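In: Sharing a model that was predicted from the sequence below.
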Amino acid sequence: MTSTLSRRGLLLGGSALGAVGAFGFVAPAHAWAWKGKQSVRGRGKRVVAPADQVWDPASDEVVRALFERGEVDLVNDLLADWTHNSQPLPPGLPSDLREFLEEARQLPAWVDPAKLDTAFDFYERRGTYLGVLYGMGSGMMSCVIPREAKAVYYSAGGADMKDRIAKTAKLGYDIGHHDAFGPQGQMVVTCLKTRLTHSAVRYLLPASGHWKGSTDESLPISQADMLVTWHSLATFCMNKMDVWNVPMPDADRDAFLHLWQVTAHMLGIKDVYIPGTWDSANAQSKMLLDPVLAPSTEGKELAKVLLNLAAEYDQGLSKPMMHSFTRYCLGDQIAGWLDVPREPSDMMVKMGWPPFVAFREGTMLMPGAPKGYWAMDEMLRLMVLFFLGEGRTINITMPTGNNPHYS
(Lines give C-alpha, C1' and ligand atoms only; values in the text may rest on other atoms or scores of the structure.)
Protein backbone atom coordinates (compact mmCIF):
# COMPACT_ATOMS: atom_id res chain seq x y z
CA MET A 1 0.00 0.00 0.00
CA THR A 2 1.26 3.47 -0.82
CA SER A 3 2.63 5.19 2.25
CA THR A 4 1.17 8.39 3.68
CA LEU A 5 4.38 10.21 2.83
CA SER A 6 4.31 9.18 -0.82
CA ARG A 7 0.62 10.04 -1.06
CA ARG A 8 1.54 13.51 0.20
CA GLY A 9 3.90 13.74 -2.73
CA LEU A 10 1.03 12.97 -5.08
CA LEU A 11 -0.75 16.13 -4.01
CA LEU A 12 2.07 18.63 -3.92
CA GLY A 13 4.40 17.94 -6.85
CA GLY A 14 3.49 20.08 -9.89
CA SER A 15 4.39 18.60 -13.26
CA ALA A 16 6.57 16.06 -11.43
CA LEU A 17 3.64 14.50 -9.57
CA GLY A 18 4.45 10.81 -9.41
CA ALA A 19 1.89 9.29 -8.39
CA VAL A 20 -8.02 14.73 -6.81
CA GLY A 21 -13.85 14.90 -3.25
CA ALA A 22 -14.41 12.85 -0.14
CA PHE A 23 -14.71 9.05 0.13
CA GLY A 24 -11.92 6.55 0.88
CA PHE A 25 -10.50 4.73 3.86
CA VAL A 26 -10.27 7.36 6.58
CA ALA A 27 -7.46 6.81 9.04
CA PRO A 28 -8.63 4.46 11.82
CA ALA A 29 -9.81 5.94 15.08
CA HIS A 30 -6.62 5.09 16.95
CA ALA A 31 -4.65 7.31 14.55
CA TRP A 32 -6.86 10.31 15.26
CA ALA A 33 -4.90 13.03 17.04
CA TRP A 34 -6.78 16.25 16.31
CA LYS A 35 -6.83 18.74 19.20
CA GLY A 36 -9.29 21.53 19.84
CA LYS A 37 -6.51 24.12 19.98
CA GLN A 38 -5.85 23.46 16.27
CA SER A 39 -9.36 24.54 15.27
CA VAL A 40 -11.09 27.87 14.71
CA ARG A 41 -12.07 27.67 18.38
CA GLY A 42 -8.39 27.89 19.23
CA ARG A 43 -8.77 26.41 22.65
CA GLY A 44 -8.77 23.05 24.37
CA LYS A 45 -5.71 20.84 24.37
CA ARG A 46 -7.50 17.50 24.56
CA VAL A 47 -8.00 15.27 21.55
CA VAL A 48 -11.59 15.52 20.35
CA ALA A 49 -13.77 12.64 19.14
CA PRO A 50 -12.68 11.08 15.82
CA ALA A 51 -14.48 12.88 13.02
CA ASP A 52 -15.43 9.62 11.28
CA GLN A 53 -17.67 8.82 14.26
CA VAL A 54 -19.65 12.08 14.07
CA TRP A 55 -22.28 13.17 11.50
CA ASP A 56 -24.78 16.07 11.52
CA PRO A 57 -27.46 15.16 14.09
CA ALA A 58 -29.34 18.47 14.03
CA SER A 59 -29.93 18.33 10.28
CA ASP A 60 -30.35 14.55 10.19
CA GLU A 61 -33.13 14.58 12.78
CA VAL A 62 -35.16 17.17 10.88
CA VAL A 63 -34.72 15.48 7.50
CA ARG A 64 -35.58 12.07 8.94
CA ALA A 65 -38.85 13.56 10.20
CA LEU A 66 -39.57 15.03 6.75
CA PHE A 67 -39.24 11.59 5.18
CA GLU A 68 -41.36 9.94 7.84
CA ARG A 69 -44.11 12.54 7.33
CA GLY A 70 -43.86 12.38 3.52
CA GLU A 71 -42.96 16.07 3.23
CA VAL A 72 -39.72 16.01 1.23
CA ASP A 73 -41.27 16.84 -2.16
CA LEU A 74 -43.34 19.61 -0.57
CA VAL A 75 -40.26 21.13 1.05
CA ASN A 76 -38.24 20.93 -2.18
CA ASP A 77 -41.01 22.84 -3.96
CA LEU A 78 -41.30 25.46 -1.21
CA LEU A 79 -37.54 26.06 -1.09
CA ALA A 80 -37.11 26.30 -4.88
CA ASP A 81 -37.44 30.10 -4.90
CA TRP A 82 -35.42 30.61 -1.71
CA THR A 83 -32.11 31.68 -3.25
CA HIS A 84 -30.58 34.73 -1.53
CA ASN A 85 -29.15 34.97 1.97
CA SER A 86 -31.37 37.87 3.03
CA GLN A 87 -34.60 36.28 1.79
CA PRO A 88 -37.10 35.24 4.43
CA LEU A 89 -37.97 31.57 4.52
CA PRO A 90 -41.05 30.76 2.44
CA PRO A 91 -44.37 30.27 4.23
CA GLY A 92 -45.71 26.78 4.67
CA LEU A 93 -42.49 25.08 5.80
CA PRO A 94 -42.83 22.50 8.59
CA SER A 95 -42.13 24.18 11.92
CA ASP A 96 -39.18 21.94 12.85
CA LEU A 97 -37.46 22.64 9.52
CA ARG A 98 -38.14 26.37 9.79
CA GLU A 99 -36.64 26.46 13.28
CA PHE A 100 -33.58 24.53 12.12
CA LEU A 101 -32.97 26.75 9.07
CA GLU A 102 -33.45 30.00 10.98
CA GLU A 103 -30.78 28.93 13.45
CA ALA A 104 -28.45 27.35 10.90
CA ARG A 105 -28.49 30.40 8.60
CA GLN A 106 -26.79 32.56 11.25
CA LEU A 107 -23.10 33.18 10.54
CA PRO A 108 -20.67 32.10 13.26
CA ALA A 109 -19.64 34.66 15.89
CA TRP A 110 -16.03 34.41 14.72
CA VAL A 111 -16.74 35.52 11.12
CA ASP A 112 -14.56 38.42 9.92
CA PRO A 113 -16.32 40.54 7.25
CA ALA A 114 -13.08 42.28 6.29
CA LYS A 115 -11.45 38.94 5.47
CA LEU A 116 -14.46 37.92 3.40
CA ASP A 117 -14.13 41.19 1.43
CA THR A 118 -10.45 40.44 0.86
CA ALA A 119 -11.42 36.93 -0.28
CA PHE A 120 -13.48 38.39 -3.12
CA ASP A 121 -10.56 40.62 -4.14
CA PHE A 122 -8.46 37.44 -4.10
CA TYR A 123 -10.98 35.71 -6.38
CA GLU A 124 -10.86 38.64 -8.80
CA ARG A 125 -7.13 38.14 -9.19
CA ARG A 126 -6.86 34.34 -8.88
CA GLY A 127 -10.17 33.14 -10.32
CA THR A 128 -8.56 31.52 -13.36
CA TYR A 129 -6.29 29.32 -11.25
CA LEU A 130 -9.10 28.41 -8.87
CA GLY A 131 -11.38 27.49 -11.76
CA VAL A 132 -8.79 25.08 -13.14
CA LEU A 133 -8.03 23.63 -9.71
CA TYR A 134 -11.65 23.25 -8.64
CA GLY A 135 -12.64 21.60 -11.90
CA MET A 136 -9.71 19.51 -13.11
CA GLY A 137 -7.96 19.14 -9.75
CA SER A 138 -10.49 18.83 -6.94
CA GLY A 139 -13.35 17.66 -9.14
CA MET A 140 -11.36 14.77 -10.58
CA MET A 141 -9.76 14.09 -7.20
CA SER A 142 -13.18 13.11 -5.87
CA CYS A 143 -12.99 10.06 -8.15
CA VAL A 144 -9.95 8.70 -6.26
CA ILE A 145 -11.54 9.15 -2.83
CA PRO A 146 -13.46 5.85 -2.67
CA ARG A 147 -16.07 6.77 -0.04
CA GLU A 148 -17.11 9.84 -2.00
CA ALA A 149 -17.11 8.03 -5.32
CA LYS A 150 -19.26 5.21 -3.93
CA ALA A 151 -21.69 7.51 -2.14
CA VAL A 152 -22.17 9.53 -5.32
CA TYR A 153 -22.35 6.49 -7.59
CA TYR A 154 -25.07 4.65 -5.65
CA SER A 155 -27.10 7.68 -4.56
CA ALA A 156 -29.52 9.60 -6.78
CA GLY A 157 -26.71 11.86 -8.01
CA GLY A 158 -25.06 8.93 -9.75
CA ALA A 159 -28.04 8.51 -12.07
CA ASP A 160 -27.77 12.05 -13.49
CA MET A 161 -24.20 13.22 -13.16
CA LYS A 162 -24.69 16.33 -15.25
CA ASP A 163 -27.32 17.54 -12.78
CA ARG A 164 -25.15 16.51 -9.85
CA ILE A 165 -22.13 18.37 -11.22
CA ALA A 166 -24.30 21.42 -11.92
CA LYS A 167 -25.27 21.59 -8.25
CA THR A 168 -21.66 21.21 -7.17
CA ALA A 169 -20.65 23.91 -9.66
CA LYS A 170 -23.26 26.23 -8.16
CA LEU A 171 -21.53 26.04 -4.80
CA GLY A 172 -18.19 26.69 -6.52
CA TYR A 173 -19.67 29.73 -8.27
CA ASP A 174 -21.47 31.14 -5.21
CA ILE A 175 -18.40 30.99 -2.96
CA GLY A 176 -16.49 33.30 -5.32
CA HIS A 177 -19.29 35.84 -5.67
CA HIS A 178 -19.07 39.30 -4.16
CA ASP A 179 -20.93 39.37 -0.84
CA ALA A 180 -21.06 35.55 -0.92
CA PHE A 181 -22.19 35.32 2.71
CA GLY A 182 -23.75 38.78 2.82
CA PRO A 183 -27.32 39.88 2.13
CA GLN A 184 -26.99 39.89 -1.67
CA GLY A 185 -25.11 36.61 -1.88
CA GLN A 186 -26.42 33.06 -2.14
CA MET A 187 -23.76 31.03 -0.32
CA VAL A 188 -25.68 30.66 2.96
CA VAL A 189 -28.71 29.25 1.13
CA THR A 190 -26.55 27.02 -1.06
CA CYS A 191 -24.75 25.61 1.98
CA LEU A 192 -27.96 24.92 3.88
CA LYS A 193 -29.61 23.21 0.91
CA THR A 194 -26.46 21.12 0.53
CA ARG A 195 -26.60 20.27 4.23
CA LEU A 196 -30.21 19.04 3.85
CA THR A 197 -29.15 17.02 0.80
CA HIS A 198 -26.37 15.35 2.78
CA SER A 199 -28.88 14.40 5.46
CA ALA A 200 -31.23 12.96 2.84
CA VAL A 201 -28.40 10.84 1.44
CA ARG A 202 -27.57 9.64 4.95
CA TYR A 203 -31.24 8.65 5.38
CA LEU A 204 -31.54 6.88 2.02
CA LEU A 205 -28.19 5.33 1.15
CA PRO A 206 -28.02 2.71 3.96
CA ALA A 207 -31.00 1.05 2.23
CA SER A 208 -28.86 0.42 -0.87
CA GLY A 209 -27.43 -3.09 -0.84
CA HIS A 210 -24.94 -2.10 -3.53
CA TRP A 211 -23.59 0.74 -1.41
CA LYS A 212 -23.49 -1.38 1.76
CA GLY A 213 -21.60 -4.08 -0.07
CA SER A 214 -18.98 -1.67 -1.38
CA THR A 215 -18.07 0.41 1.68
CA ASP A 216 -16.77 0.07 5.22
CA GLU A 217 -19.12 2.80 6.48
CA SER A 218 -22.42 2.23 8.27
CA LEU A 219 -23.53 5.78 7.49
CA PRO A 220 -22.18 8.05 4.71
CA ILE A 221 -20.87 11.61 4.78
CA SER A 222 -19.41 11.76 8.26
CA GLN A 223 -17.61 14.83 9.55
CA ALA A 224 -14.40 13.16 8.41
CA ASP A 225 -15.78 12.68 4.89
CA MET A 226 -16.77 16.34 4.72
CA LEU A 227 -13.35 17.39 5.97
CA VAL A 228 -11.70 15.26 3.29
CA THR A 229 -13.75 17.13 0.69
CA TRP A 230 -12.80 20.43 2.34
CA HIS A 231 -9.10 19.62 2.07
CA SER A 232 -9.46 18.44 -1.54
CA LEU A 233 -10.66 21.97 -2.25
CA ALA A 234 -9.19 24.56 0.13
CA THR A 235 -5.90 22.95 1.22
CA PHE A 236 -5.15 21.35 -2.13
CA CYS A 237 -5.76 24.58 -4.05
CA MET A 238 -3.62 26.71 -1.75
CA ASN A 239 -0.74 24.23 -1.93
CA LYS A 240 -0.97 23.96 -5.71
CA MET A 241 -0.87 27.74 -6.13
CA ASP A 242 2.33 27.68 -4.10
CA VAL A 243 3.73 25.01 -6.42
CA TRP A 244 2.76 27.22 -9.36
CA ASN A 245 4.63 30.17 -7.80
CA VAL A 246 1.54 32.34 -7.57
CA PRO A 247 2.50 35.33 -5.36
CA MET A 248 0.46 35.04 -2.20
CA PRO A 249 0.52 37.82 0.43
CA ASP A 250 -0.41 36.73 3.95
CA ALA A 251 -3.65 38.72 3.73
CA ASP A 252 -4.74 36.66 0.71
CA ARG A 253 -3.82 33.39 2.39
CA ASP A 254 -5.75 34.33 5.52
CA ALA A 255 -8.77 35.50 3.54
CA PHE A 256 -8.97 32.35 1.41
CA LEU A 257 -8.69 30.18 4.51
CA HIS A 258 -11.36 32.22 6.29
CA LEU A 259 -13.72 31.93 3.32
CA TRP A 260 -13.46 28.15 3.49
CA GLN A 261 -13.68 28.12 7.29
CA VAL A 262 -17.04 29.91 7.11
CA THR A 263 -18.13 27.57 4.33
CA ALA A 264 -17.26 24.53 6.46
CA HIS A 265 -19.29 25.89 9.37
CA MET A 266 -22.32 26.61 7.18
CA LEU A 267 -22.12 23.10 5.68
CA GLY A 268 -22.49 21.63 9.16
CA ILE A 269 -18.87 20.83 10.01
CA LYS A 270 -18.39 21.36 13.73
CA ASP A 271 -16.11 24.25 14.66
CA VAL A 272 -13.90 21.98 16.75
CA TYR A 273 -12.83 20.19 13.54
CA ILE A 274 -12.34 23.24 11.29
CA PRO A 275 -8.60 24.08 10.99
CA GLY A 276 -7.67 27.43 12.51
CA THR A 277 -4.50 27.99 10.46
CA TRP A 278 -2.92 26.71 7.27
CA ASP A 279 -0.40 24.78 9.37
CA SER A 280 -3.30 23.04 11.11
CA ALA A 281 -5.03 22.48 7.78
CA ASN A 282 -1.97 20.79 6.32
CA ALA A 283 -1.57 18.65 9.43
CA GLN A 284 -5.20 17.54 9.26
CA SER A 285 -4.98 16.95 5.51
CA LYS A 286 -2.05 14.59 6.07
CA MET A 287 -4.17 12.70 8.58
CA LEU A 288 -7.45 12.57 6.64
CA LEU A 289 -6.98 13.20 2.91
CA ASP A 290 -3.61 11.70 2.07
CA PRO A 291 -4.29 8.14 3.26
CA VAL A 292 -7.61 7.78 1.42
CA LEU A 293 -6.45 8.36 -2.16
CA ALA A 294 -7.04 5.15 -4.08
CA PRO A 295 -8.70 3.87 -7.24
CA SER A 296 -12.11 2.19 -7.22
CA THR A 297 -14.41 0.77 -9.85
CA GLU A 298 -17.02 3.39 -9.04
CA GLY A 299 -14.47 6.20 -9.17
CA LYS A 300 -13.28 5.14 -12.61
CA GLU A 301 -16.84 5.10 -13.91
CA LEU A 302 -17.51 8.57 -12.50
CA ALA A 303 -14.29 9.88 -14.06
CA LYS A 304 -15.47 8.64 -17.46
CA VAL A 305 -18.75 10.50 -17.04
CA LEU A 306 -16.99 13.70 -15.97
CA LEU A 307 -14.58 13.62 -18.88
CA ASN A 308 -17.29 12.71 -21.39
CA LEU A 309 -19.22 15.81 -20.39
CA ALA A 310 -16.39 17.82 -21.92
CA ALA A 311 -16.93 16.02 -25.20
CA GLU A 312 -20.63 16.88 -25.01
CA TYR A 313 -19.71 20.53 -24.42
CA ASP A 314 -17.08 20.74 -27.17
CA GLN A 315 -16.27 17.86 -29.53
CA GLY A 316 -12.96 19.44 -30.46
CA LEU A 317 -10.62 20.79 -27.83
CA SER A 318 -12.19 20.31 -24.42
CA LYS A 319 -11.82 16.60 -23.71
CA PRO A 320 -8.12 16.25 -24.65
CA MET A 321 -7.33 19.44 -22.74
CA MET A 322 -9.24 18.15 -19.71
CA HIS A 323 -7.13 15.00 -19.87
CA SER A 324 -3.95 17.07 -20.00
CA PHE A 325 -4.93 19.45 -17.21
CA THR A 326 -6.08 16.54 -15.04
CA ARG A 327 -2.71 14.89 -15.49
CA TYR A 328 -0.90 18.19 -14.87
CA CYS A 329 -2.86 18.98 -11.70
CA LEU A 330 -2.95 15.48 -10.20
CA GLY A 331 0.03 13.64 -11.68
CA ASP A 332 0.67 10.45 -13.59
CA GLN A 333 -0.32 7.94 -10.93
CA ILE A 334 -3.76 9.40 -10.25
CA ALA A 335 -4.31 9.92 -13.99
CA GLY A 336 -3.43 6.25 -14.41
CA TRP A 337 -5.83 5.20 -11.67
CA LEU A 338 -8.60 7.02 -13.58
CA ASP A 339 -7.56 5.65 -16.99
CA VAL A 340 -6.93 9.18 -18.27
CA PRO A 341 -5.16 8.76 -21.63
CA ARG A 342 -2.02 10.61 -22.55
CA GLU A 343 -2.58 13.37 -25.09
CA PRO A 344 -0.38 15.36 -27.50
CA SER A 345 -1.37 18.42 -25.46
CA ASP A 346 0.20 17.04 -22.25
CA MET A 347 3.60 18.59 -22.94
CA MET A 348 2.03 21.84 -24.11
CA VAL A 349 0.18 22.19 -20.79
CA LYS A 350 3.23 21.17 -18.77
CA MET A 351 5.51 23.64 -20.53
CA GLY A 352 2.96 26.37 -21.19
CA TRP A 353 1.18 26.77 -17.86
CA PRO A 354 4.12 28.20 -15.84
CA PRO A 355 4.81 30.96 -18.41
CA PHE A 356 1.08 31.71 -18.54
CA VAL A 357 1.02 32.15 -14.75
CA ALA A 358 4.14 34.33 -14.89
CA PHE A 359 2.67 36.50 -17.67
CA ARG A 360 -0.66 36.87 -15.90
CA GLU A 361 1.00 37.84 -12.64
CA GLY A 362 3.32 40.23 -14.45
CA THR A 363 0.36 42.11 -15.93
CA MET A 364 -1.72 42.11 -12.73
CA LEU A 365 -0.55 45.60 -11.73
CA MET A 366 -1.70 47.13 -15.00
CA PRO A 367 -4.73 49.46 -14.65
CA GLY A 368 -7.96 47.49 -14.78
CA ALA A 369 -6.23 44.13 -15.17
CA PRO A 370 -7.82 42.34 -12.18
CA LYS A 371 -11.34 43.39 -13.15
CA GLY A 372 -10.67 42.57 -16.79
CA TYR A 373 -9.47 39.09 -15.92
CA TRP A 374 -12.43 38.68 -13.59
CA ALA A 375 -14.88 39.63 -16.35
CA MET A 376 -13.43 36.98 -18.66
CA ASP A 377 -13.46 34.37 -15.88
CA GLU A 378 -17.04 35.28 -15.01
CA MET A 379 -18.17 34.85 -18.59
CA LEU A 380 -16.62 31.37 -18.74
CA ARG A 381 -18.16 30.36 -15.39
CA LEU A 382 -21.62 31.49 -16.49
CA MET A 383 -21.27 29.62 -19.78
CA VAL A 384 -20.37 26.43 -17.89
CA LEU A 385 -23.30 26.86 -15.49
CA PHE A 386 -25.64 27.47 -18.44
CA PHE A 387 -24.39 24.27 -20.09
CA LEU A 388 -24.60 22.14 -16.95
CA GLY A 389 -28.01 23.53 -16.00
CA GLU A 390 -29.22 23.23 -19.60
CA GLY A 391 -30.37 26.84 -19.47
CA ARG A 392 -32.42 26.38 -16.33
CA THR A 393 -31.89 27.81 -12.84
CA ILE A 394 -29.81 25.37 -10.82
CA ASN A 395 -31.66 24.40 -7.66
CA ILE A 396 -30.24 22.09 -4.99
CA THR A 397 -32.92 19.67 -3.80
CA MET A 398 -33.12 16.73 -1.42
CA PRO A 399 -33.19 13.38 -3.22
CA THR A 400 -36.14 11.06 -2.60
CA GLY A 401 -34.41 7.83 -3.60
CA ASN A 402 -31.10 6.23 -4.52
CA ASN A 403 -29.67 5.51 -7.98
CA PRO A 404 -32.51 3.57 -9.64
CA HIS A 405 -29.97 1.57 -11.65
CA TYR A 406 -28.68 0.06 -8.38
CA SER A 407 -31.87 -0.29 -6.30
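Out: Okay, I see it.

In: Next, the residue lying farthest from the centre of the chain: phi, psi?
Out: What lies farthest from the middle of the chain is Pro367; by CA atoms, centre = their mean that is 33.1 Å. Phi and psi for Pro367, reported as degrees, to the nearest 10, are phi -60, psi 130.

In: Do you know the pLDDT at it?
Out: Per-residue pLDDT puts Pro367 at 80.

In: now the one 3 residues further on
Out: Among the per-residue scores, Pro370 shows a pLDDT of 71.

In: and Arg202, what element?
Out: Element membership for Arg202 (DSSP states H and E) is helix 187-204.

In: Spell out, range by range, the strands that occur in this structure.
Out: Taking DSSP state E, the chain contains no strands at all.

In: which stretches of it have low pLDDT?
Out: 1-31, 45, 310-317, 373-374, 376-377, 379-391, 407 (pLDDT under 70).

In: can you do 50?
Out: 1-10, 12-30 (pLDDT under 50).

In: Helices along the stretch 51-200 of the chain, start to end?
Out: 57-68, 72-79, 95-104, 113-132, 139-141, 146-154, 161-175, 187-204 (DSSP state H, counting those that start in this stretch).

In: Just send the ones you listed back as TSV, with mean neighbour count and distance to Val246 too.
Out: For glycine as for every other residue, the C-beta is placed from the backbone atoms N, C-alpha and C. Listed next are the helices of the stretch 51-200 of the chain as TSV, based on neighbours: other CB atoms under 10 Å; distance: least, CB to CB, whole Å:
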stretch	mean neighbour count	distance to Val246
helix 57-68	17	36
helix 72-79	17	38
helix 95-104	15	34
helix 113-132	19	6
helix 139-141	27	19
helix 146-154	27	27
helix 161-175	20	18
helix 187-204	23	24
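
In: quick one: Met248 and Cys237 touch, right?
Out: No. Between Met248 and Cys237 there is no contact under CB atoms under 8 Å: 11.2 Å.

In: The two: who's more crowded?
Out: Cys237 (23 against 14; other CB atoms under 10 Å).

In: what's near enough to touch the more buried one?
Out: Listed by CB atoms under 8 Å, 6 or more residues apart in numbering, the contact partners of Cys237 are Tyr129, Leu130, Leu133, Tyr134, Gly137, Ser138.

In: what's the closest non-adjacent residue to Pro275?
Out: Ala281 (3.8 Å; CB to CB, 6 or more residues apart in numbering).

In: what separates that neighbour from Gly268, distance-wise?
Out: 18 Å (CB to CB, to the nearest Å).

In: Ser199 now?
Out: Ser199 is 9 Å from Gly268, by CB to CB.

In: Quickly list what's touching both of those two.
Out: By CB under 8 Å, 6+ apart, the residues touching both Ser199 and Gly268 are Asp56, Ser59.

In: Dump the helices of the stretch 51-200 of the chain to a markdown table, plus distance to Val40.
Out: Output for these, formatted as a markdown table (distance: least, CB to CB, whole Å):
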| stretch | distance to Val40 |
| --- | --- |
| helix 57-68 | 18 |
| helix 72-79 | 28 |
| helix 95-104 | 17 |
| helix 113-132 | 12 |
| helix 139-141 | 24 |
| helix 146-154 | 24 |
| helix 161-175 | 17 |
| helix 187-204 | 16 |
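
In: Out of those helices, flag the one nearest Ala375.
Out: helix 113-132 (9.5 Å; CB to CB).

In: angle of the closest one against helix 187-204?
Out: Put simply, helix 113-132 runs at 60 degrees to helix 187-204, going by axes from the mean of the first three to the mean of the last three CA atoms, to 10 degrees.

In: Show me what helix 113-132 is in contact with.
Out: Outside helix 113-132, the residues that touch it by CB under 8 Å, 6+ apart are 176-182, 237, 241, 244, 246, 251-252, 254-256, 258-259, 262, 325, 329, 357, 360, 364, 370-371, 373-374, 377-378, 380-381.

In: Selecting buried members of those residues in ChimeraX, what would you type?
Out: Selection of buried members from those for ChimeraX, criterion 16 or more other CB atoms under 10 Å:
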select :176,177,179,180,181,182,237,241,244,246,252,254,255,256,258,259,262,325,329,357,360,370,373,374,377,378,381
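
In: ok, and the closest non-adjacent residue to Ser345?
Out: Ser324 is the one closest to Ser345 (CB to CB, 6+ apart), at 4.4 Å.
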